[in-house]
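Chemist: could you look at this predicted model? Sequence included:
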Amino acid sequence: MSMIHTINTKLQVTAVAASISLALGAALTLPAQASGNASATTATPIKHVVIIFQENVSFDHYFATYPYAANLANEPTFTMSPLSPSVNGLGILVNGQPVGPLLTNNPNASNPANGSDAINPFRLSHSQASTCDQDHNYGDEQRAFDGGLMDAFPSTVGTSTCAGSTTYSWGKGKGIVVGYYDGNTVTALWNYAQNFAMSDNSYSTTFGPSTPGALNLVAGNTYPATPSASSPAVVAINGGTGTLTGDLQPTGDICSVAAITTKMGGKNIGDLLNAKGVSWGAFMGGFDLTVTNADGSTGCKRQSPASAANGGPKLDYIPHHAWFQYYASTANLSHARPTVPPSQYGTSADTVTNHQYDIHDFFDALNANNLPAVSFLKAPGFQDGHAAYSDPLLEQQFLVKTINAIQQSSFWGDTAVIIAYDDSDGWYDHQMAPIVNSSAVSDSNNVANTDQLNGAGKCGNGTPLKDANGNVIQGRCGYGPRQPLLVVSPYAKKNYVDHTLTDQTSILRFIEDNWNTGRIGGGSFDALAGTLSNLFDFTSYRGAGPLLLLDPNTGNPASQISCFLDWGQAAYSNLFASSSAVSTQFVTPYSYRYYGGTNSYLGVSGTDTHVYYEGPNGVIQDMGAFYSSTGWLTTSGCQ
C-alpha cells in the first residue's frame, strides 16, 4: 500500500516553493576538544564564552508556564521531562487550563487605571508569533512597575498598533503586553532550558531600552555619554556629559543616520581582554557592508524579510545595538574588513577591524577551526527576537543554527554559550526587581527618560553608585525588568533552574573572573554583579554524551525529524529513492529531504507541523499532522 493511498483522505494541494538550503550534518557525539585561540589560563574549565545577545523579551513573556505547554494541534509539541523543576512564573497548566492567581486573577486585570485593556495574562499561539513592539523607555517601564505592585503594564507600556494596524495586538488592545508564549512557540529555548541550565532571577542592569542594555553588557555603565547635541535620552550630569537612558546611535559610525548621536567614555570588556592578550570578537548582523543580499540591498541598507507586524523588510545592521562602536578604543567606524584569514579573526594578528566583525565572520572563523576566547553575537535584525520586525520563530532560526554549529565544532567541549537579552520590550513580568542602585532624575517634560518608580523623579531611596572621582551617577536605576538567561554548555547543570540574583553584568563579571582581567571601574555595575557559577557544575563534565541538535523550524530535537525521514525512506522506498546519501535540508519553514532517484521531496513544515510530500509531478500534498497522537511521529515510532 502506498503512503499516498494510506492517507489519501487527508490530501490537499498547496502552493509552496521548495529549494535546497544548508544541510543539517547532525553528528551525535561530542567532538574532541581543541584549544583554538583561547587564553591558556582560565579560572574555570571554560576556555570559550559565546554570548548570544538577543532583543526585547521579559522572563514571563517566554517562560510564564514553564515547563507546562498547551501542546495544541498543529503546533510543535514540547515534551516535558518529569524531572523538570518549576520556575517563578505565572502559573501552570492543569488539564490544559491555566492555574494560579497570576494567570486567573492578575493585578493588571483588576487595576482600573488599565481601563478596557485590564485583562489577565493569556497565551499567544504559534500562529501569533508576530506582535507589535511595546513601550520600553526608562521612565515608562518604571511606571509600569507602579511602586512594585506590577499592575500598570497595559496603561503605561502597552502598544496595540504597529505598521498602521491593530492586527498584531490580536484583539487584545494594549492588553497584548501581558501575553506570553509557551514551549509550542519558543520550543528551542524550552528544550535548551530542559537540557541545560536557566536562571529565573536575572534582570536588566537598569531600566530602559536596547542601547543601555548593550552598554551594560560590555561595560556595566551608561556613563559617561557625550551626545553630539542635547538629547532627552541623556541625563546631563557634567556639562555636555551625562548618563544614557535611551537609544542613540554611535557617533561616527558610517551607518549612523540619526541627527543626534553619542559616544561613550570609560573602559569596556574589550579593553580588559586586549590588555590580557585574550582573543575576542564582536559579530554583528549586517556589519559587512560589501555583502549584497538576495533583494539587491547592500552597504548600510542591507535588509531582510521581517516579521509580518513590521509591514516590510528590516535592516540587518542596527547601529544602536552595536556594543563596541560607542568607544574609541574598540570602534570600527568605517566597518573595515579584515585583511587576515578567518583562522586569525579575533586575534592580535588582525590589526584592521578592532575586533568588530559581521555575523557571517563568526561562522567563517568556526569553519576555519577558530573560535575567539570571547565572542559577542548579534543576529541580523530580522532574527534578533525584537517584537514587530522579528519574532520568536525567526529568532529560533538563528539560535538553533548557531548553537548547532558550536556543538558540532571542535571547541564545544570547553565552551559556554550564554543566551541573554538587552531589555524586556515592556512585556509584562510579575517579579519586582530589587533596586540595588537608586536614581533621582526629575523632568515633568521628559517622563519617558526620567525616574518614576516610587514617585515622580524617584527610583529607590539609596545613594547611587559613584564614578572614579567620587561623584554619584544619576539615571541608572536598577535592577530593571526580569529577563531570560540560559547557559548551554557541557559544564552546565542539566535541567536546572538557578535562583541566584544576577543581571546583565553578571556575564561581564564571569568573563572578568575567568580570564582574571580585573574590574571595569568608574562606577560599573560589575562591582555588584551576582555570580553565574551556580549554573555550572565544574566537577561533573558531561563527557562524550549525545549532543542536543535541534531543528531550526520546529525547535525540537532534529533526531525526531531525521528518524521520521529515515523511516519514510525505508517504509516507502518506491516513493523515496536516491543513488547517494540523502541529508536533511532546511529552508524556512521546511525541514526536508530530496530523493533524486524518484525526484521527490518529503518534509515537515514548522508553520503547521504537518508532513508534506512532493512527487515528480511537482504537486505538494499535505500528508497530515506530525505531532498529534495519531500523527506521523507516532506512526514512525520516533517519539
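Modeler: Arrived safely, thanks for sending. Residues are numbered from 1 along each chain as shown.

Chemist: domain assignment for the protein?
Modeler: 3-26+549-636, 48-57+205-490, 60-180 (automatic domain parsing).

Chemist: using JSON lines, lay out those together with mean neighbour count, distance to Asp513 and mean pLDDT.
Modeler: (C-beta placed from N, C-alpha, C; glycine too.) Converted to JSON lines, the domains of the chain look like this (neighbours: other CB atoms under 10 Å; distance: least, CB to CB, whole Å; pLDDT from 0 to 100):
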{"stretch": "domain 3-26+549-636", "mean neighbour count": "17", "distance to Asp513": "30", "mean pLDDT": "76"}
{"stretch": "domain 48-57+205-490", "mean neighbour count": "22", "distance to Asp513": "11", "mean pLDDT": "97"}
{"stretch": "domain 60-180", "mean neighbour count": "20", "distance to Asp513": "26", "mean pLDDT": "97"}
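
Chemist: switch the ones you listed over to a markdown table; also include distance to Tyr496.
Modeler: Formatted as a markdown table, those follow (distance: least, CB to CB, whole Å):
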| stretch | distance to Tyr496 |
| --- | --- |
| domain 3-26+549-636 | 19 |
| domain 48-57+205-490 | 9 |
| domain 60-180 | 7 |
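
Chemist: of all the ones you listed, which one is nearest Val497?
Modeler: domain 60-180 (4.8 Å; CB to CB).

Chemist: quick one: end-to-end distance for the closest one.
Modeler: Start and end residues of domain 60-180 are separated by 7 Å (CA to CA, to the nearest Å).

Chemist: rewinding a little: so which of the domains of the chain comes closest to Trp190?
Modeler: Comparing the domains of the chain under CB to CB, the one sitting nearest is domain 60-180, at 5.4 Å.

Chemist: tell me where the stretch 101-250 of the chain has strands.
Modeler: 122-123, 179-180, 197-199, 202-203, 225-227, 234-238, 241-244, 249-250 (DSSP state E, counting those that start in this stretch).

Chemist: so for His360, which of the ones you listed sits nearest?
Modeler: The nearest among those, by CB to CB, is strand 249-250 at 21.3 Å.

Chemist: how about residues contacting whatever helix or strand comes next after the closest one?
Modeler: Next in sequence after strand 249-250, counting helices and strands by DSSP states H and E, comes strand 261-264. For strand 261-264, contacts defined as CB atoms under 8 Å, 6 or more residues apart in numbering pick out 215, 219, 224-228, 231, 233-234, 244, 248-253, 326-328.

Chemist: one more pass at 7 Å, please.
Modeler: 215, 225-228, 234, 244, 248-251, 326-327 (CB atoms under 7 Å, 6 or more residues apart in numbering).

Chemist: follow-up on the earlier one: now the strands of the stretch 101-250 of the chain in CSV, with distance to Val186?
Modeler: CSV is the format used below for the strands of the stretch 101-250 of the chain (distance: least, CB to CB, whole Å):
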stretch, distance to Val186
strand 122-123, 12
strand 179-180, 10
strand 197-199, 12
strand 202-203, 16
strand 225-227, 34
strand 234-238, 35
strand 241-244, 30
strand 249-250, 30
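
Chemist: Ala43: which of those strands is closest?
Modeler: Closest of the strands of the stretch 101-250 of the chain to Ala43 is strand 197-199, at 18.4 Å (criterion: CB to CB).

Chemist: which elements pack onto the closest one?
Modeler: Counting contacts by 3 or more CB pairs under 7 Å, 6 or more residues apart in numbering; DSSP states H and E, strand 197-199 packs against strand 485-488, strand 496-498.

Chemist: so which of those strands gets nearest Gly597?
Modeler: Short answer: strand 485-488, nearest of the helices and strands packed on strand 197-199 by CB to CB, at 38.3 Å.

Chemist: what does the longest helix along the chain contact?
Modeler: Determined from DSSP state H, the single longest helix within the chain is helix 392-407. Residues from elsewhere that reach helix 392-407, judged by CB under 7 Å, 6+ apart: 50, 52, 54, 129, 181, 185-186, 188, 307, 363, 366, 377, 379, 382-385, 412, 415, 417, 419, 488, 547, 549-550, 552, 555, 588.

Chemist: past it, which element shows up next along the chain?
Modeler: Sequence-wise, the next helix or strand downstream of helix 392-407 (DSSP H and E) is strand 415-421.

Chemist: quick one: that following strand to helix 392-407, angle?
Modeler: Strand 415-421 runs at 160 degrees relative to helix 392-407, counting by axes from the mean of the first three to the mean of the last three CA atoms, to 10 degrees.

Chemist: what are the C-alpha coordinates of strand 415-421, in PDB please?
Modeler: C-alpha atoms of strand 415-421 as PDB (Å, rounded to 0.1, in the frame of the first residue of the first chain):
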ATOM      1  CA  THR A 415      32.600  26.300  25.600                       C
ATOM      2  CA  ALA A 416      29.800  28.100  27.400                       C
ATOM      3  CA  VAL A 417      27.100  29.600  25.300                       C
ATOM      4  CA  ILE A 418      25.100  32.300  27.200                       C
ATOM      5  CA  ILE A 419      21.700  33.400  25.800                       C
ATOM      6  CA  ALA A 420      20.700  36.800  27.200                       C
ATOM      7  CA  TYR A 421      18.600  39.800  26.300                       C
END
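
Chemist: skipping adjacent residues, who's closest to Thr463 in space?
Modeler: Once flanking residues are discounted, Thr463 sits nearest to Val472: 6.3 Å by CB to CB, 6 or more residues apart in numbering.

Chemist: again, but for Arg519
Modeler: Arg519's closest residue in space is Asp526 (CB to CB, 6+ apart), at 5.4 Å.

Chemist: these two touch, right, Glu512 and Asp526?
Modeler: Yes. Between Glu512 and Asp526 there is a contact at 6.4 Å, judged by CB atoms under 7 Å.

Chemist: tally of neighbours for the residue nearest to Arg519?
Modeler: Residues near Asp526, counting by other CB atoms under 10 Å, number 27.

Chemist: wait, a helix at it?
Modeler: Yes. Counting by DSSP: H, G, I helix; E, B strand; the rest coil, Asp526 is located in a helix.

Chemist: helices along this structure, start to end?
Modeler: Assigned by DSSP H, the helices in the chain fall at 3-6, 59-63, 101-104, 107-110, 138-145, 153-156, 187-195, 210-219, 269-276, 359-367, 392-407, 504-514, 558-571, 632-636.

Chemist: for those, could you give me TSV that also reports distance to Leu124?
Modeler: As requested, those are arranged in TSV below (distance: least, CB to CB, whole Å):
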stretch	distance to Leu124
helix 3-6	35
helix 59-63	9
helix 101-104	14
helix 107-110	16
helix 138-145	19
helix 153-156	15
helix 187-195	14
helix 210-219	22
helix 269-276	35
helix 359-367	27
helix 392-407	9
helix 504-514	25
helix 558-571	24
helix 632-636	24
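
Chemist: what's the closest of the ones you listed to Ala349?
Modeler: helix 359-367 (12.3 Å).

Chemist: by contact count, what packs against the closest one?
Modeler: So helix 359-367, by 3+ CB pairs under 7 Å, 6+ apart, packs with strand 280-284, strand 374-378.

Chemist: now that helix against strand 280-284, angle please.
Modeler: 130 degrees.

Chemist: identify the residues contacting helix 359-367?
Modeler: Here helix 359-367 makes contact (CB under 7 Å, 6+ apart) with 283-285, 288, 342, 345-346, 371, 375, 377-380, 405, 409.

Chemist: on that earlier part again, and the angle for the longest helix of the chain with helix 187-195?
Modeler: 50 degrees.

Chemist: let's have the chain start at 341 instead
Modeler: Got it, first residue is 341 now, which makes that one helix 732-747.
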